[in-house]
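Q: Predicted model and sequence below, questions to follow.
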Amino acid sequence: MLDVIKNRRSIRRFKKQTVDEKLVKEIIEAGTWAPSGLNNQPWKFVVVRSPAVKYKLAELTHYRTIIQEAPLCIAVFLDTALSYDRTKDVQAIGACMQNILLAIHALGLGGVWLGEILKNSEKVKQLLGVSPALEFMAVVALGYPDEKNITAERKKLDEVILSEI
């Protein structure tokens with residue numbers, strides 16, 4: 001697991017190869033195993049494969065090429081009807097998203113968490129036809145990676161640990 005955590009990278013270019021529905025279900029299921037306060041599981045998902053819908057979704061973000069070229073995207077929502085504490089529920093969505101990204105990597109796929117599109121949350125909700133009770137959180141674009149040798153640096157622990165008391 002630590003290897004998967006340390007080697008996962010955001011992938012922004014994908015091969016044209018389609019992603020099997022079974023893998024998509026495994027990825028979403030991994031997301032649903034994230035911790036949530038009171039086990040309220042406040043997440044909902046829309047899987048977007050349609051090129052026409054992806055094109056319209058892509059028009060709502062600066063990162064349009066990533067969405068258009070990805071074989072599929074998963075839109076992630078917070079179900080406010082299930083919410084009991086906004087901070088904890090947003091944290092649960094973050095944990096869900098991390099599980100999704102780790103599952104994508106573990107299954108030999110690549111993905112990227114896109115948040116800039118949040119500036120058009122209402123337009124996304126309208127496009128995807130979701131309930132007003134759902135709050136748009138992010139899009140994950142995914143597919144088979146078409147890029148290699150991506151490296152990333154992390155701050156040293158002495159830069160992030162404030163103290164040990």
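A: Perfect, thanks for sending it.

Q: Contacts made by the longest helix seen in the chain with the rest, please.
A: Ranked by residue count and defined by DSSP state H, the top helix of the chain is helix 86-106. Helix 86-106 has contacts (C-beta atoms under 8 Å, 6 or more residues apart in numbering) with 4-5, 7-9, 26-28, 30-37, 40-43, 74, 76, 78, 82-83, 110-111, 113, 137-138, 140, 142. All C-beta atoms are positioned from the backbone trio N, CA, C, and that covers glycine.

Q: The spatially closest residue to residue 43 that is not a sequence neighbour: neighbouring residues, count only.
A: Computed as C-beta to C-beta, 6 or more residues apart in numbering, the closest residue to residue 43 that is not its neighbour in sequence is residue 96, at 5.0 Å. Neighbour count of residue 96, defined by other C-beta atoms under 10 Å: 26.

Q: ok, back up a step: just the contacts of helix 86-106: which are in helices?
A: When the contacts of helix 86-106 are checked against helices (DSSP H), the matches are 4-5, 7, 26-28, 30-32.

Q: nearest to residue 165, of the residues you listed?
A: Nearest to residue 165 out of those is residue 5 (C-beta to C-beta; 26.5 Å).

Q: confidence score at that closest one?
A: pLDDT, residue 5: 91.

Q: And it, how far from residue 58?
A: To residue 58, residue 5 is 29 Å away according to C-beta to C-beta, to the nearest Å.

Q: Can you pick out the residue with more neighbours from these two?
A: Between residue 5 and residue 58, residue 58 has the larger neighbour count (other C-beta under 10 Å), namely 21 against 11.

Q: The more buried one contacts residue 70, correct?
A: No. Counting by C-beta atoms under 8 Å, residue 58 stays clear of residue 70, with 9.4 Å between them.

Q: and residue 68, what does it touch?
A: Counting by C-beta under 8 Å, 6+ apart, residue 68 makes contact with 54-55, 58.

Q: re the thing from before, report the buried members of the contacts of helix 86-106.
A: Among those, those buried by neighbour count (16 or more other C-beta atoms under 10 Å) are 8-9, 27-28, 30-31, 34, 36, 41-43, 74, 76, 78, 82-83, 110-111, 113, 137-138, 140, 142.

Q: Residue 63 is in contact with residue 114, isn't it?
A: Yes. Shown here, residue 63 and residue 114 form a contact pair, counting by C-beta under 8 Å, at 5.6 Å.

Q: Mind checking which of the two has more residues around it?
A: residue 114 (22 against 17).

Q: Within its local environment, how many residues does the closest residue to the more buried one other than its chain neighbours see?
A: Leaving aside its sequence neighbours, residue 114 sits nearest to residue 139 (C-beta to C-beta, 6+ apart; 4.6 Å). Neighbour count of residue 139, defined by other C-beta under 10 Å: 29.
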